[in-house]
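Undergrad: quick one, structure for this:
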Amino acid sequence: MNIAFIGTGVMGSSMAGHLMDGGHGLTVYNRTRAKAEALIEKGAAWKDAVADCVAQAEMVITMVGFPQDVEEVYFGEKGIIDNVPAGSLLIDMTTTSPTLSQRIGAQAHEKGLYALDAPVSGGDVGAQKGTLSIMVGGEEEAFQRALPVLELMGTQIVYEGPWGAGQHTKMANQIAIAGTICGVCEAITYGRTMGLDLDRMLNSIGAGAAGSWQMQNLGPKMVQGDDAPGFFIKHMLKDLTLADQEAEAKGIHLEVLKTVEGMYRDLQAQGMGELGTQALMAYYKAKGMA
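TA: This next block holds a predicted model:
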């Protein structure tokens, strides 16, 4: 299949690589060409514009940063909707606004296209290993068509419902993560203050009911002071803000979500948006707790 892949960043580059390994022809576009060089060296075709990237595509996959980026690549001048061949399948794997996903689906339908919102969870590790969890919204017929391709990038792939349902599921995912990652930070803060061997402590509690992906993968990085991004603070803040907005629109006030959103907002204001989400530990350090 001829696949256009737009957004070859920390996660997108690995995801696109799995598609090539699966035998698909790939055409790529990214605002910064350097981030696509590994794929180009592997045999992907590079295009200098979105319109050119999708012109011959049977399937288009987008993995960009923010809702405004999604808006631009789909609806901007020379964007996807107006330049992709009829009958193509559009899959937005960015975590973005459910309302925007619904708009993409509706406009795609009007133009004889198919669309899915398919945000992912699993971070850079899941992207590299091809073990992402993928939450899919859209028409079920389109989901079945996309499934063999999605299976090259993930191992937990679930059809959630109509357009926007994938994004709403991702919002729930990020809400759960917010509380978990904050809990890991506080456990480490407590353990350090009490003079525990932190690696030993994490191994002990991580094998029991407190265990989680966040503890297993990010806990050791917190202990080591490794803030390299597998998932950026700026993107987590974006996700939590979207989730908060969706919750408030339905009259739901989620205290933990709001608290962690505020903590990440503080860190971004300090210029830490490009660090990994595990850098939440800096919030505690700034208050003299760790």
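
Undergrad: what about the strands in this structure?
TA: Taking DSSP state E as the criterion, the chain carries its strands at 2-6, 25-29, 45-46, 59-62, 89-92, 114-117, 120-121, 132-138, 154-161.

Undergrad: mind putting those strands in CSV, mean pLDDT, distance to residue 209 and mean neighbour count included?
TA: Placement of C-beta: from N, CA and C, glycine included. Conversion of the strands of the chain to CSV gives the following (pLDDT from 0 to 100; distance: least, C-beta to C-beta, whole Å; neighbours: other C-beta atoms under 10 Å):
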stretch, mean pLDDT, distance to residue 209, mean neighbour count
strand 2-6, 98, 40, 25
strand 25-29, 98, 43, 22
strand 45-46, 98, 49, 16
strand 59-62, 98, 37, 25
strand 89-92, 98, 36, 26
strand 114-117, 98, 33, 27
strand 120-121, 96, 21, 23
strand 132-138, 98, 21, 27
strand 154-161, 98, 22, 17
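
Undergrad: and these: which comes nearest residue 275?
TA: Between residue 275 and the strands of the chain, the shortest gap by C-beta to C-beta is with strand 120-121, which sits at 19.4 Å.

Undergrad: chain center to that closest one, what's the gap?
TA: When distances are taken as C-alpha atoms, centre = their mean, to the nearest Å, strand 120-121 is centred 5 Å away from the chain's centroid.

Undergrad: got the strands of the chain as JSON lines, with distance to residue 221 columns?
TA: As requested, the strands of the chain are exported to JSON lines (distance: least, C-beta to C-beta, whole Å):
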{"stretch": "strand 2-6", "distance to residue 221": "28"}
{"stretch": "strand 25-29", "distance to residue 221": "30"}
{"stretch": "strand 45-46", "distance to residue 221": "33"}
{"stretch": "strand 59-62", "distance to residue 221": "29"}
{"stretch": "strand 89-92", "distance to residue 221": "29"}
{"stretch": "strand 114-117", "distance to residue 221": "30"}
{"stretch": "strand 120-121", "distance to residue 221": "18"}
{"stretch": "strand 132-138", "distance to residue 221": "20"}
{"stretch": "strand 154-161", "distance to residue 221": "23"}
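
Undergrad: between those strands, which gets nearest to residue 182?
TA: strand 120-121 (17.2 Å).

Undergrad: the strands of the chain: which one's closest to residue 279?
TA: strand 120-121 (19.1 Å).

Undergrad: which ones are touching the residue nearest to residue 49 when sequence neighbours are not counted?
TA: Of all residues beyond its chain neighbours, the one nearest residue 49 is residue 78 (6.1 Å), with distances taken as C-beta to C-beta, 6 or more residues apart in numbering. Contacts for residue 78 (C-beta atoms under 8 Å, 6 or more residues apart in numbering) come out as 49, 50, 51.
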